Structure formats: structure tokens, C-alpha cells
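**Q** Test case, fold it:
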Amino acid sequence: MMFQINRRAKTFRGLLKFTQTFPTGASNVSADVYSSQIMFVTGYVTLKYGLYGSAGYTFISKNLPDNLVYNFAFGYPLLPQKYPPFQLNLYLELNGQHVFEVDKNLLFLSPGLQFITSSRLLFETSVQIPIADDRNIFNYTYSFGIRWLAF
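**A** Okay, the predicted model is just below:
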């Protein structure tokens, strides 16, 4: 299910997605766990900023606790928007998770950069900084990603 509302220089989109994860690899190295997730994702994008949000529920096998995941983001373009795209965007995200069975929360603040080099290639980098960690098991996490669109 998806919806999209377009206006001049802005758009509002949303979708409902389902994700299924299967265990791979040796069971002595990785957890032998299946998970299913249903999530609502939405975004409001203008030429001056973008607002994004998602909320979902994850069902996990092996009697592990299910959890609620939620993400909110603000994006700001650092370069003027043009076509074909060549953009540098600054993002500030909140990424959270609530584990029901143990009633624990995890919340990260994630500043990041996104560099769009063309309509098919982009690079992203971010640092996740724990704000609330009821389990006291996380430190910061750095990530870097590349997305290439095949079509």
C-alpha cells in the first residue's frame, strides 16, 4: 500500500512495508533467528528540507522478545537542488527501539551526510550516538554506505 501527494516543489509519501529475515551462515557464528517486520514509512520533502518517519513492529522467533522500532529524521540540502542530481545533504536522525518483554529502550542520535553524485549513485555516512540505553551495552557506531540503482 502506497500513497503520494504532489504539490509544487514538495511531495508527501507513505507506504506500508513488510520485511522477512531468514538466518544465513553457520549457526555457531550467527543467531539462528527468523524475524518479520511490518512498518509504516512516510516522508515530506520540499526544496528546503525533508522530514521522514517510520514506525514498525518486529516479530522474532526462538522465544526472543519482539520489539517496536521507530525512526525520525530531518534532512537539509547543503547545495542547491538541480537536475540531474548533484547534492550534499545533512541529516539528523533519531533511531529508537523498545523491547517489550524486558521493557528496555534504546535511542540513538545519528548525524550524517549524504552525497548524491547522479540519479543512480549515492554515498552516505553517519555516526550513531546512544542517548538512552537501558541495557548499557552500546557505544557509538560509525557507518558508511553506497547505493547504486540498477534501473
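**Q** pLDDT below threshold where in the protein?
**A** Along the chain, segments meeting pLDDT under 70 span 1, 26-31, 151.
**Q** The same query, at a cut-off of 80, please.
**A** 1, 24-32, 63, 134-138, 151 (pLDDT under 80).
**Q** Point to the residue nearest the middle of it.
**A** Nearest to the geometric centre of the chain sits residue 71, at 6.3 Å (Cα atoms, centre = their mean).
**Q** Relative to residue 55, how far out is that residue?
**A** According to Cβ to Cβ, to the nearest Å, residue 71 stands 8 Å off from residue 55. The way it works is simple: take the backbone N, C-alpha and C, and place the C-beta from them, glycine included.
**Q** Please apply the same query to residue 48.
**A** 25 Å.
**Q** which one of these two has more residues nearby?
**A** In terms of neighbours (other Cβ atoms under 10 Å), residue 55 is the more surrounded of residue 48 and residue 55; the figures are 15 against 10.
**Q** name the element the more buried one belongs to?
**A** Taking DSSP states H and E as the definition, one finds residue 55 inside strand 50-60.
**Q** Packing partners of the helix or strand that that strand is followed by?
**A** Sequence-wise, the next helix or strand downstream of strand 50-60 (DSSP H and E) is strand 67-77. If you count contacts as 3 or more Cβ pairs under 8 Å, 6 or more residues apart in numbering; DSSP states H and E, strand 67-77 packs onto strand 35-46, strand 50-60, strand 87-99.
**Q** Tell me who's in contact with residue 88.
**A** Under the criterion of Cβ atoms under 8 Å, 6 or more residues apart in numbering, the contact list for residue 88 reads 77-79, 113-116.
**Q** sorry, back to before: quick one: list the elements packing against the strand holding residue 55.
**A** strand 35-46, strand 67-77.
**Q** so can I have TSV of these showing distance to residue 60?
**A** What follows is the helices and strands packed on strand 50-60, written out as TSV (distance: least, Cβ to Cβ, whole Å):
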stretch	distance to residue 60
strand 35-46	5
strand 67-77	7
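**Q** what about those, which gets the closest to residue 143?
**A** Closest to residue 143 of those, according to Cβ to Cβ: strand 67-77, at 13.9 Å.
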